[in-house]
Every structure is written in structure tokens, then in C-alpha cells.
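J.: take this sequence and fold it.
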Amino acid sequence: MVLLNGSNIKKMFLDETLFDGVSFNVDEGDKIGFVGVNGAGKSTLFRILNGTMDYDSGELFKNKFTKIGYLDQYTCIESDKTIMGEMLTAFDEVITVEKELDDVRLMIESGSGDLEALVNRQTSLQERFEKLDGYQYKSRIRSALIGLGFSEDDFDKRVDSLSGGQKTRVSLGRILLSDANLLLLDEPTNHLDIESVEWLESFLQSCKASFIVISHDRYFLDKVTNRTFEMENGRLRTYTGGYSEYVKQREIERKTEERSYANTMREIERLEGIVEQQRRWNREKNIKTAESKQKVIDKLEKTLVKPSADPEDIRFTFRSLPGGGQDVLITEDLGMSFGDRKIFSGCNAHIVKGEKVFLLGSNGCGKTTFIKDVLGLYEPTEGEVRIGANIEIGYYDQIQENLDMDKTIFDELHDTYPNMTQTEIRNALAVFLFKGEDVFKEIRKLSGGERARVELAKLMLKPVNFLIMDEPTNHLDIDSREALEKALAGYDGTMLMVSHDRYFINKLADRILYMTENGFTNYIGGYDDFAEKRVIKQAETQEKEKPKNLDYLEQKRLAAEKRKTINRFRKVEELIAGIESEIEELNNEMAKPENATDFVKASELAGKADEKNAELETLYEEWEQLQTTIEEKGYEEDM
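T.: Here you go, the predicted model:
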């Protein structure tokens, strides 16, 4: 079934065309990645599809069964509800049905109202409640919030007290759990750490809704999409497969277009030569031949399609300062607290010359704080930092505090490097696609991606032998990320990077330091190596933590605890199956004509069904708790 169809959609701003001739289909089961450089029009098209922005021409068809859920990348919900309360708004219909079921049950029990009508209404509501998966909605909310990085202690916090990133995560969770069957997700991985992105990947892989997702996270796109839209030079192209497949197809398509264009141009030139020659001979036969060949030329020119120009590339290099000690950075038992709040402790790191080291960890674990300790911007509360001899550091700040928002782009570079000429500054900025009058834009008026490019331009001009970069790919589109990857791959100095871009990590990392509040765990290799080894290490840790050399009574107690947990889990599964069968039998009984007209009998059956459903919900919650315990304690092998 087609959910959405666009045909020749055009959008202009003033006299400038953003895109034209945009045509596409979105079908049930489509999981579409939407790529293109910043400013290509991806978010604008999303607003058109969501109905919050008009378009200038073309047609947009939305199936009457299509319900859209839209996440704006700049969403910042304002709500006086708690996080849990805001999430519950995704289940307004379920909650309404649940409340009406309670009201109808009480009316039947009290004997008030038209009993036949009440019983019929109860049956109808019960069917609707089950169809909406009403017994699971609270556990689904809990699972989503934890997956998105909230703890249960956060559930009662008011939304209006949260940071912008936290509000975006609440909004994302609410949209994911809604009954929308087409999700438009604009940069959903912003503000998520790697663990939360992995949860989102798992959710999207298994969800029934179709979706279009704008993202610059290539690893994420490969994981969750089966089609790709590309917006480039005002045109939309569609491809099968995820990001990596799209790149291969695009390369083949462009080479084919270029070859076809070149062959056609050669044929036109050959025919033009014939026409010119035949006209020179100027006989009647020659004139007819020239006219015939000219018609062929006109036809070829009419159908000739010039290949789209590739978006202008950013191409730059980082200057490595020669020299510097072999030991670039050493931290010993480094710890940091703010007042009574401990951020981390016991961080021991040793980075040697030429290494490319990535610092990973969940949001809030202290990665940026650790970097600021290394840079001397903070004074650590424990341990020490030692920077090697003749080490010159270049720092990229993810929140761009190094930029003066009141300056123009040109002045920012000129004041940082006063010995550079105007031509040298303009040439440096041109590398990052700031040309002409663009160099005099105020930094405060730039987009996040443009500010990132200004900061990279400043860093490129500074000769350093130790690059420290905090989330350098944030705000960058895919082309800019690839340019940064190439520049860093060719840099022969030492690097310490904080990033959650797994594709970027795989391209560059020699090793990974995984940070927790209790220090670092070291992993050799890129992200895929890290992910594989982390699973193995977690299994080994669980094995090591299993009790050994315990006294006889303690061994018996633990064995009994395991046996009791496993037996109860199996028993709960049996009880769930039994109650589900009883509920089905009660529903069948209520559906029988003789019971539907026997109001007393119908009321009795409905009451029993409500009791059984309440029991079932309690058992579902217990089943989930037991499942978690079994996974955490490694009881699966004895199941």
C-alpha cells in the first residue's frame, strides 16, 4: 500500500528555487534514509510532507490511512508534565479506553443504566483495548525511556526542567511509541550516546511503521534502512539499499551518465562535421543530407542530459608540527568531582606519539571534563596530568566556545593569525566553502555546520603535533565528514578524539578508551572490534563474578535462589498462557447470543474477564522483572 506519493514538487524561497521535480513513493515496509549536503532542502521537504509548509507546484498524495509522526531536529517541547506524563500522551486512546472500561464495569456492577447496552459497550471496548495492546503500554514506555538514556529516577522530572537534548529525547520516545504508521525523523541520533543509538537501531529494525530518516550517521543508516533518498542540486533521486549500497549505485550511475553524455557529445560533433561538409558542397543531394543530419542533431540535443555537477568538495590537511616526545599524554589516577558530585576517578591513560585514540562512554560519564582536565581548563580533584616534552596541542571544541560570536568569519581568522594576508585568509576560508561576501557573515548568524567549518579552518592553520577533538563530526554533513576523515587519516601527529560517529571511529581509530565513572577500559582497533570485544569481556566478567570457593551453605543458598528464579519464571509463563486461554474462552462465551441477551450472565462474564486481564498485566510485569534478573545473573544456560 502506498502511504505517500509526491509528483514534481517544487519549492522556492523568494526568487530562488530550492528543489524542483521532486517525485517519490513511500510504501508500507519502506525504511528510507534521506541524505544530502546541509541546505539541500531535506528538512524543508519534511515540513511539506508533514503539512507545516506549503509548496509552489506539484502534487502530494497522502493515503487516508497514513498517520505521520514527525520529529523536527530542533524540537524543544514545552510541557509542565513529567517525563512519564508526556510519554503517556502517546497512548491517549488506550488510556481513554481503559478509563471507560473501568466506568462501564462499575456501572454494570452497580446495576445502573441499560445493562444490554453496557455489556455490548464493554465487549466492544475490550476488543479495542486488546487491539491497541493496552496491557503492555506502561512497560513499553519504561523500556523506551531507559533505552533513550533516562533512569527510572528521571521519570517524575518535569519536562520544562530538562535540557534541550533531554527534551528532544522525550519527544523522540513519544513519537516512536505513537500509533503513527509513517515516521519522519530529522536527525534522531542527535543528543544520543552510542548505547542509546544502538537501542534506537534495534527499535527501528523491529518496528512495523515505515519511516524516512534524515541522518549523517552512515553506520546508523546502514543498520536501519532499505532504501535511500538523495537530495542534490535541487533534484531527488531514489536508490535501493542502505547507505553503503547507495554509494556504490550512485558511483555507477554517475559514471554511466558521464559516459553517455560524452558519447552523445562526440556523436553530435561528428554529425555537425558532416552537416558543415555537406553544406559546403551545396548540391541538392548534399543539402538534403545536411537537413537530415541536422534533425538527428536536434533530436540528440533535445534528449541530452548533462550530468549533475558534484557538490563542491572540502579538501584540506592538518599541519603536523615535527618533534615532540614519545610519551604524549599520561594521566595517573585522574579524578574529578564538582562539590559532592563525583564525575569520575581512577582514569589512567598513556598515549604515545602517532596514536589515534578515541574516547567513548555514555553521556554524562565525563569525557569532555576529562579533556578539559588534560587541557588545563579544569583543575582535577585527584591524580595528575603530564603532557610530553615539546607537545603543541590543537583543540576542537564541540560547543564552539573558541569562536567569538560577535566577529565575522574573516575577523575570527585574521585576529587569530594576524600575520596572514587578506589573500591567505580568503584562500584558507575558500577551502571550507566560504567565498566572496560569505567571509563577512557574523558567526552568530551561522548554522552549526558552518561554525564547525570555521573552527576547523582555524585548527588547520595551526601547526600542532597533538590534536584533541570533542565530537568533531557534530553538525557536519556526510561530505564534510568524509573530508575530515581524509584529512585526519593523512595527519601523522597524535590524536585524542571524543566521538559517537561509529563509521568515523572505524575509519581512524588505533584503539579505544571506554570511560566509566571508575576509569578506562582499553580496546585495540576500531568500533566494530570494540563492540565485539566488549560483548566478550562482559561475558568473561559475569563468569568471573560467579561465586567460587564459597562455603557449602552459601553455595546451597545461591543454587536455591537460581532454581527458585528459573522455576518461578517457567511458572509465570504457564500462568500467562493459562490466563490468556481463559480470557479467550470468556470472550467466546460473551459473544454467544444466549449470553449476550442474559444481562446477569453477561455482566458476570465481563467481570471475570476484567479480573483475568488485571491478573495478566501483573504477571506480564513479573515476567519482565524475572527476565531481567535471569539475563543479569547469567541463568540462561540453565533454562
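
J.: just after the helix or strand where residue 537 lies, pick out the following helix or strand.
T.: Counting by DSSP states H and E, the element that carries residue 537 is helix 527-545. Going down the chain from helix 527-545, the next helix or strand is helix 552-591, by DSSP H and E.

J.: from the contact counts, what lies against that next one?
T.: helix 115-131, helix 599-633 (3 or more Cβ pairs under 8 Å, 6 or more residues apart in numbering; DSSP states H and E). Heads up, the C-betas are built off the backbone N, CA and C, glycines and all.

J.: separation between the residue lying farthest from the centre of the chain and residue 290?
T.: Distance from the C-alpha centroid of the chain, by Cα atoms, centre = their mean, peaks at residue 283 (70.1 Å). Distance, residue 283 to residue 290, using Cβ to Cβ, to the nearest Å: 10 Å.

J.: pLDDT value on the residue farthest from the centre of the chain, please?
T.: For residue 283, the pLDDT comes out at 80.

J.: can you check residue 442 too?
T.: 92.

J.: list the contacts of it.
T.: Contacts for residue 442 (Cβ atoms under 8 Å, 6 or more residues apart in numbering) come out as 405-408.

J.: how about a cut-off of 7 Å?
T.: Residue 442 is in contact with residue 408, counting by Cβ atoms under 7 Å, 6 or more residues apart in numbering.

J.: show me what it bridges to in the sheet.
T.: residue 408 (DSSP bridges).

J.: strands along the stretch 51-200 of the chain, start to end?
T.: 57-62, 68-71, 182-186 (DSSP state E, counting those that start in this stretch).

J.: kindly reformat the helices and strands packed on helix 552-591 as a markdown table containing distance to residue 99.
T.: Below are the helices and strands packed on helix 552-591 laid out as a markdown table (distance: least, Cβ to Cβ, whole Å):
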| stretch | distance to residue 99 |
| --- | --- |
| helix 115-131 | 10 |
| helix 599-633 | 13 |
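
J.: in TSV: those, plus mean neighbour count, mean pLDDT and distance to residue 302.
T.: Shown next, in TSV, are those (neighbours: other Cβ atoms under 10 Å; pLDDT from 0 to 100; distance: least, Cβ to Cβ, whole Å):
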stretch	mean neighbour count	mean pLDDT	distance to residue 302
helix 115-131	17	87	56
helix 599-633	16	80	66
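
J.: worst-scoring helix or strand of the protein, pLDDT-wise?
T.: helix 593-596 (a mean of 73; mean pLDDT, DSSP states H and E).

J.: output the contacting helices and strands for that helix.
T.: helix 599-633 (3 or more Cβ pairs under 7 Å, 6 or more residues apart in numbering; DSSP states H and E).

J.: chain center to the helix it packs on, what's the gap?
T.: The chain centroid and the centroid of helix 599-633 are separated by 35 Å under Cα atoms, centre = their mean, to the nearest Å.

J.: go on, stretch 300-308?
T.: Worked out by Cα atoms, centre = their mean, stretch 300-308 lies 38 Å from the chain centre.

J.: pLDDT of that stretch, averaged?
T.: 79.

J.: for it, buried residues please.
T.: Along stretch 300-308, no position meets the burial threshold by neighbour count (16 or more other Cβ atoms under 10 Å).

J.: who's in contact with the most centrally placed residue in the chain?
T.: Note on the chain: the residue nearest the mean C-alpha position is residue 189, at 2.7 Å, using Cα atoms, centre = their mean. Applying Cβ under 7 Å, 6+ apart to residue 189 gives the contacts 197, 200, 215, 217, 220.

J.: same deal with residue 187?
T.: Residues in contact with residue 187, defined by Cβ under 7 Å, 6+ apart, are 73, 214-215.

J.: quick one: the residue nearest to the centre of the chain from residue 316, how far?
T.: 26 Å.

J.: local confidence estimate at residue 553?
T.: 62.

J.: and what of residue 161?
T.: With respect to pLDDT, residue 161 has a value of 87.

J.: how about residue 153?
T.: 90.

J.: count of neighbours near it?
T.: 7 (other Cβ atoms under 10 Å).

J.: swap in residue 342?
T.: Count around residue 342 with other Cβ under 10 Å applied: 15.

J.: so what's it closest to, chain neighbours aside?
T.: Residue nearest to residue 342 in three dimensions, not counting chain neighbours: residue 517, with 6.7 Å by Cβ to Cβ, 6 or more residues apart in numbering.

J.: flag the shaky bits of this structure, pLDDT-wise.
T.: For the chain, the stretches with pLDDT under 70 are 76, 308-311, 539-556, 596-597, 599, 636-639.

J.: so who does the closest residue to residue 566 other than its chain neighbours touch?
T.: Excluding its sequence neighbours, the residue lying closest to residue 566 (Cβ to Cβ, 6+ apart) is residue 635, at 5.9 Å. Listed by Cβ under 7 Å, 6+ apart, the contact set of residue 635 reads 562, 565-566.

J.: adding neighbour count and distance to residue 580, write the residues you listed out as JSON lines.
T.: As requested, the contacts of residue 635 are arranged in JSON lines below (neighbours: other Cβ atoms under 10 Å; distance: Cβ to Cβ, whole Å):
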{"residue": "562", "neighbour count": "16", "distance to residue 580": "27"}
{"residue": "565", "neighbour count": "16", "distance to residue 580": "23"}
{"residue": "566", "neighbour count": "17", "distance to residue 580": "22"}
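
J.: and residue 467, what does it touch?
T.: 318, 394, 491, 493, 495.

J.: phi, psi of residue 404?
T.: Backbone torsions of residue 404, given as degrees, to the nearest 10, read phi -90, psi 110.

J.: surely it meets residue 414?
T.: No: the criterion here is Cβ atoms under 7 Å, and residue 404 misses it with residue 414 at 11.7 Å.

J.: of the helices and strands packed on helix 552-591, which is nearest residue 343?
T.: helix 599-633 (25.7 Å; Cβ to Cβ).

J.: can you name every helix or strand that the closest one contacts?
T.: helix 92-110, helix 115-131, helix 137-147, helix 552-591, helix 593-596.

J.: could you dump the shortest one to PDB, C-alpha only?
T.: Okay, so that is helix 593-596. Provided in PDB are the C-alpha atoms of helix 593-596 (Å, rounded to 0.1, in the frame of the first residue of the first chain):
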ATOM      1  CA  PRO A 593     -26.300 -15.000  21.500                       C
ATOM      2  CA  GLU A 594     -27.800 -16.600  24.600                       C
ATOM      3  CA  ASN A 595     -25.300 -14.900  26.900                       C
ATOM      4  CA  ALA A 596     -25.500 -11.500  25.100                       C
END
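
J.: show residues contacting it.
T.: 589-590, 601-602, 605.

J.: how about the strands of the stretch 51-200 of the chain in TSV, adding distance to residue 255?
T.: Below are the strands of the stretch 51-200 of the chain laid out as TSV (distance: least, Cβ to Cβ, whole Å):
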stretch	distance to residue 255
strand 57-62	30
strand 68-71	36
strand 182-186	32
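
J.: can you lay out those strands as TSV showing mean neighbour count?
T.: Converted to TSV, those look like this (neighbours: other Cβ atoms under 10 Å):
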stretch	mean neighbour count
strand 57-62	14
strand 68-71	20
strand 182-186	23
